[in-house]
Structures are given as structure tokens and as C-alpha cells.
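Peer 1: sequence-free structure coming up:
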DNA sequence: GTCAACACTTTGTCCAGGACAAACAATGAG
DNA sequence: CTCATTGTTTGTCCTGGACAAAGTGTTGAC
């Protein structure tokens, strides 16, 4: 099969070049082949294992105990999480995953639309889209679907959410909320879900999309006279970096502007940050909103 | 002011750490301060100059002649391009840029909507959105607007285009077109503009969003029985990498699936690639489509 | 038993300075 | 002017060392 140079592996796995080299030195894995120039070439199956490692690290495992372990042992480590998420395997969700896997775009879209109309926007998001995203992520981890299928799913859901939110129009009640992600976080589905939860409450939500530099967020929040800044983190985002970024952003914001942070990267972490509203789940958003309105 | 560590500079400017260090060694710029650990800290104004350098490199200048030059000389180099783009300064576009600069979200949205209705989707894209994006990019380069404002603009245009495309429904005529960007290219506005040009022609457009790995694109194109794969590149994408990626993708696709490539990164480059349809401007898309239909 | 303070280990990121092939520019021959 | 050849520039990779921040385990006080 094909083998990738180190830069490509960094892009594919998200593990920096420096880390790849130091793992090789310390744990004797990965062990890339060398080309005629003496440069590293990583065989496909090692890249596969690196992806798995990345995920396990995100779950809290430590490199010393897993990098050198055989691939089968790692797959076993992932199982518990897999089974936990798969308890009831909601038939509706399973059906949707099948549509994604089979590239049935038209039916996928129609089915999502049906659910949306049936549940209403907020319940559609918290009861269907959220668990479905999680299930898609799991399925990808287990090799049941590919990257392209995951993208296809994301794209359809985004379109649906965006047009729903759009049709609501911009709200007129306070607070004014500025939403974005920090540099390094390119996933905006979480952000859209937040917007979908809040928009029906008449809030003025403005999204800046992904990866706005900290200084620019703070500047924009002041210029646009926002009351709240909301940031979201996907499961793929390293938790430490998230906490660091949140703290920096809080310090860059005036005290009069609240900071809300949420997303899968923060789940299960007990750490709390002063003066920051942490959103554990989507359902908590309406409460956070009510609380803000009461306090202001 | 603030000074950034090397990793942050890499993220902000897109210039790899290795390159930053080798420039310092060879051209005596940048010259970061050192903190107490001996690690580099780049002052804000040097980071600013690095951003400028990045853009000049993309325009074809070479490091040896510009990295060591004083900032004022570099700004002068940029002028010609600036003036060329500013010939008539369409009043409608200037007005929109002002709305972006002043964070007037509601009016921005309303004005865009008016233009859309007045021009129709295709002309809206090719006559307004395309030159407007270019103007926004220029304005950002000259420091007239910030990153946040650029994001705000992108977000609004995206919402508008997506809901327009969405309301057209999926087309039923051939060809089936799979659209995405290659790894490293995160901007999808170009892709949306393409979709907006093609969707009214009844084409079946499916977008995978940004950054789909090559192998997954090829796999998805086959699985989904697509006729055409279309990829787009923003001005920020390095041209060489684009050409390399396009060639690899072409080789990974069966001969029966056409490959279309376009975007600002490819403009002005005379290089042609065998068996790849290169789209110079958005207006050429209907022609390319007609040609494909004639040939099939 | 809980909690805080301490020492020890692990781990990611940075550094210096060298190397080399691919891309580019300059030169010369037909 | 066109094409091939030579020389220079430039990004990326290499090795091996260093160190602080984060994590883990232990001890002792309450």
C-alpha cells in the first residue's frame, strides 16, 4: 500500500511532526520506513494506528501506556466507550446512518426534514442531531463509514439548520450573542446547534464561523456591543488547549461581556473556570439564557 | 504590545516553524525576542510583516528579495495590485464594505438579499459576490477591516447562498457533480459560488464541504456514481500544492469521471493539466457544463 | 477518610545547525 | 527566439539535546 511522508501524517492525524519523532525515539512506535533520501515514510496501517491513538489520548489515556501497545489492545480500550454509546441504538438514528453510508443524499435530506418538522427546531437539535453526530463519530472510529460520508452528513445537517435559523430572522430581544470557534477548531456544527437552540428564543445571534483569533473576537465583541460571547469545541479539540484559550479570551473581554463555553471537548472534565458559563449539554442553553436575562 | 511564541505565529501566518527559523538564520528577519527559557517571542509588528510577506510570496515574489526589505518597501510592492483592483470602486460594493466594517449585520443581510432578488442567483454570484469577496480580501490586506469583519461577511453570504441553493432543491438532470476542497483548503465560499452557478441549471450538486482527503474523494466519487468532481482553491492556497493535489486526484479517479478545478489560487498561472477542466472564472461554468452535456 | 503539599515521572514543544532535492534564474548553443 | 545546461535559492527534513508544564503517587495533618 501507500506510505505517507511526515508532513502528510501530521495533517491526517493532527499529531505534530515533533511529537511523531519523539514517540519513535521513546516508545519505538511508529517505525516508518526510510526512502532513499533517509526521510520517513509511514505505512498506511501505522497511520491508522496513529489515528486511533489520537482518539484515545483525547479520552484521557496517556501515551506511555498506549503508544507501544499492539493495535488489538487499543481497539479493546475503545470498546467500552463504543458500547456505552450504543445501548439502545435508536432505530431512527440507525436508519439515518444507513442513508449516510449508502450516499442516499435525497432520502437523507427528506428524512431529516421530516424529523425537523415533527420535533420542532430545538428538539430536533437536542434529541436527534446531537446523538446522531455522536453516533456518526463512533461509526467513523470503528471504520464503518469514511471521511466523505461524515462530511456528507455534516453538510446536509448544516444546510438544514442554517435555513431554519435563517427563516426565523434575526431576533430582537436581548442578549446579543456573538458566536465563533477559536483558532484550531474548524468544526462549526456545534456552533450551529447552539444557534438553533437560541434563535427561537428571540435572541440576536451573530456567528463569525470558525477560527477567529482571540484578539479579533474581543475587538468584535466590543465594536458590535455584544452581551455574550459563545465558543464551542468539538470532541477532536485537545481539552488543555481549550481551557487555555477560554481563559485568555475571558481576560481579553471586558467584565460586562459574558463568556459561554461548551462542546464535547469539555465534557467529563471537572475543571471549572472563573467567570465563565460552562454549557454541559445543549439542553442547558435555555436555562443559561433565562439566568442571564434574570441577572440583567 | 503582545508578543507571540513560534507556534502561534505559525498558526496566524501560515508560515511553518522550520521556515521561520531558517529565514531568521538566512535573512536576519524576523528577529524575535527571547524569553527567559531562550524561546522565540515575535513582536506584533513583525508578525504583521510576516503576514504581508506571505501574501507577496503568493503573488510570485521570492523570499531572498523581500524578507530582508523594510516594511514600507513591501507595502509599495502591494500597491499596484491594490490599484488595479480599485479602478471603478463600484458604489454598491463600497456601500456593502462599509456595512461590514460597521458591523451592521441586519442591514448587510437585507442589502444582500435585495441584490439577490434583483439580479437572480447566478448574476448575484458572478457580478456581486465574486468582486465583493475580492474587495474584502484587499481591504483586509490593507488593514481597513479585521478578521472578524471578514468572517462576518463570509458567514452572511454563505447563509444566503445556502438557503437559495437549498430552495432550488436537488436537480434531476445530469451530470451528478461532487464538490469539495482538498486538505489544507478550508474556505468553502468558492465552492458555494460554484454550486450557486450550477444549481439553477438543474444539475445534481452534492457538496462534501472542506478538506476531504484525496483517497476519500475518489472513493466517494465512485460509490456515489458521480460524473464530475469539482474542487476549488482560495487565493490563500499555495499554487504548487494545488497543482500537485489536482494531479494526484486525477490519477486516483477513473477516466470516466471528469475533474474540474478552479479558484483564485489558479488564476494567472499558465500551467495546464492534462485531462483536467480548468475553470478560469465563474462565468465559464455554464459553458463547461454545456460542453460536458454535449460530449456525453 | 479527605485534603493539601511535596517530590518524582512523563510528555510536548522548542532549539541549533546541518543536509539535500526541487524550483527557479541565468547562461550559452543551435 | 528556443531549448538545454549550469548555478543559486529555498522549503523541508534530519539528529539529539533540553526543559517546563502537566500528571501521578506519597506523605502527613486534620
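Peer 2: Cool, got the structure. On a predicted model such as this, the values are computed, not experimentally measured, just so you know.
Peer 1: can you give me the mean pLDDT across stretch A:24-39?
Peer 2: Stretch A:24-39 carries an average pLDDT of 94.
Peer 1: now do the same end-to-end measure for that stretch.
Peer 2: Using Cα to Cα, to the nearest Å, the end-to-end distance of stretch A:24-39 comes out at 14 Å.
Peer 1: Closest residue of the stretch 101-250 of chain A to DNA strand D?
Peer 2: Shortest the stretch 101-250 of chain A-to-DNA strand D distance, computed as Cβ to the nearest atom of the strand: residue-wise this is residue A:240, at 5.9 Å. All C-beta spots, glycine's among them, are computed from the backbone N, C-alpha and C.
Peer 1: Give me the contacts around the helix or strand containing that residue.
Peer 2: Assigned by DSSP states H and E, residue A:240 falls within helix A:239-252. Helix A:239-252 is contacted by residues A:58, A:182-184, A:214-215, A:217-218, A:229, A:231, A:233, A:259, A:261, A:263, A:265-266, A:269, A:271, A:273-276 when judged by Cβ atoms under 8 Å, 6 or more residues apart in numbering or on different chains.
Peer 1: per-residue confidence averaged over that helix?
Peer 2: For helix A:239-252, the per-residue pLDDT averages 82.
Peer 1: Enumerate the positions of that helix that are buried.
Peer 2: Along helix A:239-252, these residues count as buried under the neighbour rule (16 or more other Cβ atoms under 10 Å in any protein chain shown): A:239, A:242, A:243, A:245, A:246, A:249, A:250, A:252.
Peer 1: One more: stretch A:19-29?
Peer 2: By 16+ other Cβ under 10 Å, the buried positions in stretch A:19-29 come out as A:20, A:23, A:27, A:29.
Peer 1: Spell out whether the helix or strand hosting the second one and chain B are in contact.
Peer 2: Right, residue A:23. Element membership of residue A:23, judged by DSSP H and E, is helix A:17-27. No. Helix A:17-27 stays clear of chain B (Cβ under 8 Å from any Cβ of the partner chain), getting no nearer than 8.8 Å.
Peer 1: Could you list every helix and strand that that helix packs against?
Peer 2: helix A:6-13, helix A:63-66 (3 or more Cβ pairs under 8 Å, 6 or more residues apart in numbering or on different chains; DSSP states H and E).
Peer 1: Could you report the distance from the residue of the stretch 101-250 of chain A closest to DNA strand D to residue A:57?
Peer 2: Counting by Cβ to Cβ, to the nearest Å, the separation of residue A:240 from residue A:57 is 11 Å.
Peer 1: just to revisit the earlier point, closest to DNA strand C out of the helices and strands packed on helix A:17-27?
Peer 2: helix A:63-66 (2.4 Å).
Peer 1: Report whether that closest one contacts DNA strand D.
Peer 2: No. Using Cβ under 7 Å from any atom of the strand, helix A:63-66 stays clear of DNA strand D, with a minimum separation of 8.9 Å.
Peer 1: quick one: that helix to chain centroid distance?
Peer 2: Here helix A:63-66 shows a centroid-to-chain-centroid distance of 24 Å under the convention Cα atoms, centre = their mean, to the nearest Å.
Peer 1: Mind listing residues that contact it?
Peer 2: With Cβ under 8 Å, 6+ apart as the test, helix A:63-66 has contacts from A:23, A:27, A:53, A:56, A:57, A:74, A:77.
Peer 1: Of the residues you listed, select the buried ones using a PyMOL command.
Peer 2: Here is the PyMOL selection string for the buried members of these, based on 16+ other Cβ under 10 Å:
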select buried, chain A and resi 23+27+53+56+74+77
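Peer 1: where does chain A have its least confident helix or strand?
Peer 2: Lowest by mean pLDDT, DSSP states H and E among the helices and strands of chain A is helix A:71-85, with a mean of 67.
Peer 1: on that earlier part again, not counting the helix holding residue A:23 itself, show me its contacts.
Peer 2: A:6-7, A:9-10, A:29-32, A:40, A:50, A:63-64, A:67-68.
Peer 1: And DNA strand D, is that helix touching that?
Peer 2: Yes. Contact of helix A:17-27 with DNA strand D (Cβ under 7 Å from any atom of the strand) involves A:17, A:21, A:22.
Peer 1: ok, of the residues you listed, which one's closest to residue B:150?
Peer 2: Distance to residue B:150, by Cβ to Cβ, is smallest for residue A:17 among these, at 29.7 Å.
Peer 1: Could I get the contacting residues of the most centrally placed residue in chain A?
Peer 2: The centroid of chain A falls nearest to residue A:234 when counting by Cα atoms, centre = their mean (1.7 Å). Contact partners of residue A:234, counting by Cβ under 8 Å, 6+ apart, are A:185, A:187, A:189, A:190, A:263, A:264, A:265.
Peer 1: tell me which parts of chain A are close to DNA strand D?
Peer 2: Proximity of chain A to DNA strand D (Cβ under 7 Å from any atom of the strand) is limited to residues A:5, A:6, A:7, A:17, A:21, A:22, A:38, A:39, A:40, A:62, A:240, A:244.
Peer 1: ok, 10 Å please
Peer 2: Residues of chain A that fall close to DNA strand D, judged by Cβ under 10 Å from any atom of the strand: A:4-11, A:17-18, A:20-22, A:24-26, A:32, A:34-35, A:37-42, A:60-62, A:64-65, A:238-241, A:243-244, A:247, A:269, A:271.
Peer 1: Out of the residues you listed, which are close to DNA strand C?
Peer 2: Counting by Cβ under 10 Å from any atom of the strand, A:17-18, A:20-22, A:25-26, A:35, A:37-39, A:61-62, A:64-65, A:238, A:240-241 from those sit close to DNA strand C.
Peer 1: related to what we said a few turns ago, the helix holding residue A:23 to helix A:6-13, inter-axis angle?
Peer 2: When axes from the mean of the first three to the mean of the last three Cα atoms, to 10 degrees is applied, the directions of helix A:17-27 and helix A:6-13 differ by 100 degrees.
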